[in-house]
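Asker: structure for the following, please:
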Amino acid sequence: MDEKLLKQYAEFAVKVGVNPQKGQTMLISCSVESAFFARLCAQAAFEVGARDVVMKYTDDQFARLRMQHADVQTLEDVKPYVLRSYLDYAESEGGVCILNIHDSDPEVFKGLDAEKIARATKARREALAAWREYTMKDKVQWSIVAIPGPAWANKVFPGQADAEEKLWQAIFRVCRVQQGADVTSAWREHLARLEARRDRLNELRLESIHFESGNGTDLTVGLADSHTWEAAGGRTPEGYEFLPNIPTEEVFTAPHKDKVEGVVHGTKPYVYNGEIIDGFWVRFEHGRVVEYHAEKNEGLLGHLLDTDEGARHIGEVALVPASSPINQSGILFYSTLFDENAACHIAFGAGYPGTVKGGNTMTKQQLAALGVNDSLVHEDVMIGAADTTITGKTKDGQTVALFQNGEWVF
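Answerer: Next comes the predicted model:
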């Protein structure tokens, strides 16, 4: 592994992704295997004036052991200290920011009891709902960055002795980390292009968008009242900028939870609760999933959709061209962080408050009145294809072309 590139990647993740301010505490959530990279990130945070860095380590193999052997009542008993371990920092002087380092096995819970996993996952989401409000409403800076873990690398490059090195190189390429390149400048240019598309979509004042693909997708997504299109960057109430996802290729907004109609087919496998859902489609009526099928793990898809009532509605619709570097790499990453940036996607579950005007200061009731969905989950599934056509209907009744053959028309 090129140590110079590794350090450059860590510094970018911290200084541009999270952007810790002087006096803030940065929480790093990472696996025990990724400690070497987390230490580089900690160094970068201290260099820019972070008050403290706190490591929150995870362990995939222990998580599997616990999920397999502990009874479901124990797994559902999420102690109050788990929430306080976040809120104590968020409510303290100087505040908090968070970096999530992803390297997990996409099939860590393969073969285990899906209902048990669903109940445990739901209980944890309920217990951490107050912390989730901080990230969903951009009250704190947060970012997700990925590095190869052995199990993940072997899933992406099965049977190859240099799987981890290949995944490192793939991650560097799609994250614009290259020898001799100014990573920050490359990202500024990329973000400017995304923001120009965001601005154009907002100028159109769309009422709905319509997806069509040769695989049978025929989906109309009505948009929330007062919706606003967003690009990659986030901003806290104090004005601190951050980059939630590294990489990112999307422009996205809030659907109206009750105005989605038609059938949509998934175009890439989707990792959920440590297993893979593949070959799926869903049908919407009045915004709600009323029928679904999957060639692989249909029952798991059902568990997702039955998490709560909001899980059968969508909270996000995102536009990503087929020319995305992630898609052009030809690699299926088996990671939503990457694969959602390879194709247009929708998200089952909660919408982002910031995708309606003034939404980050609204109550759940005010957001619901505009059509923004609420749920314990927010799960992105890929629906874009190389032949996808997308048109928009404006509020004054005009039809405008947005995508042709999987690409932006402007």
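Asker: low pLDDT regions in the stretch 1-150 of the chain?
Answerer: Along the stretch 1-150 of the chain, the model assigns pLDDT under 70 to residues 1.
Asker: which residues of it fall in helices?
Answerer: Per DSSP state H, counting those that start in this stretch, the stretch 1-150 of the chain carries helices over the ranges 3-12, 35-47, 60-69, 72-76, 80-90, 114-127, 129-136, 150-156.
Asker: how about TSV for those helices, with distance to G330 added?
Answerer: Placement of C-beta: from N, CA and C, glycine included. Rendered in TSV, the data for the helices of the stretch 1-150 of the chain read as follows (distance: least, C-beta to C-beta, whole Å):
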stretch	distance to G330
helix 3-12	22
helix 35-47	26
helix 60-69	27
helix 72-76	38
helix 80-90	38
helix 114-127	31
helix 129-136	32
helix 150-156	11
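Asker: F348: which of those is closest?
Answerer: Nearest to F348 among those is helix 114-127; the distance by C-beta to C-beta comes to 13.4 Å.
Asker: which of the residues in the closest one are buried?
Answerer: Across helix 114-127, burial judged by 16 or more other C-beta atoms under 10 Å covers A114, K116, I117, A118, R119, A120, T121, K122, A123, R124, R125, A127.
Asker: what sits up against that helix?
Answerer: Outside helix 114-127, the residues within contact range by C-beta atoms under 8 Å, 6 or more residues apart in numbering are 67, 72, 75-78, 80, 82-83, 109, 132, 273-275, 297, 299-300, 303-304, 306-308, 376-377.
Asker: show me which of the residues you listed are buried.
Answerer: Buried members of the contacts of helix 114-127, scored by 16+ other C-beta under 10 Å, are 67, 72, 75-76, 83, 109, 132, 273-275, 297, 300, 303-304, 307-308, 376-377.
Asker: okay, F410 and N341: tell me how far apart.
Answerer: To N341, F410 is 20 Å away according to C-beta to C-beta, to the nearest Å.
Asker: of these two, which one has the most company?
Answerer: Neighbour tally, F410 and N341, criterion other C-beta atoms under 10 Å: the higher count belongs to N341, 25 against 11.
Asker: gap between that one and L167?
Answerer: Using C-beta to C-beta, one gets 16 Å for the distance from N341 to L167.
Asker: distance between the ends of stretch 202-211?
Answerer: Terminal residues of stretch 202-211 are spaced 18 Å apart (C-alpha to C-alpha, to the nearest Å).
Asker: residue ranges with poor pLDDT in the stretch 301-410 of the chain?
Answerer: For the stretch 301-410 of the chain, no range has pLDDT under 70.
Asker: gap between the spatially most central residue of the chain and G310?
Answerer: By C-alpha atoms, centre = their mean, the chain has its centre lying nearest to L337, at 5.5 Å. As for L337, its distance to G310 is 22 Å (criterion: C-beta to C-beta).
Asker: do the same with T217
Answerer: For T217 relative to G310 (C-beta to C-beta), the value is 23 Å.
Asker: picking that back up, tell me which element the residue nearest to the centre of the chain falls in.
Answerer: helix 336-339 (DSSP states H and E).
Asker: centre of the chain versus that helix, how much separation?
Answerer: Its chain's C-alpha centre and that of helix 336-339 lie 7 Å apart, by C-alpha atoms, centre = their mean, to the nearest Å.
Asker: in the sheet, who's paired with the residue lying closest to D138 once chain neighbours are set aside?
Answerer: Distances taken as C-beta to C-beta, 6 or more residues apart in numbering place G234 nearest to D138, at 4.8 Å, with adjacent residues excluded. Taking DSSP bridges, one obtains F242 as the residues bridged to G234.
Asker: please parse the chain into its domains.
Answerer: Domains of the chain are assigned by automatic domain parsing as 3-174, 205-235+247-408.
Asker: mind listing the strands for the stretch 251-400 of the chain?
Answerer: Ranges of strands in the stretch 251-400 of the chain, per DSSP state E, counting those that start in this stretch, are 251-253, 255-265, 270-272, 275-285, 288-296, 314-319, 345-349, 378-382, 389-394, 399-404.
Asker: lovely, talk soon.
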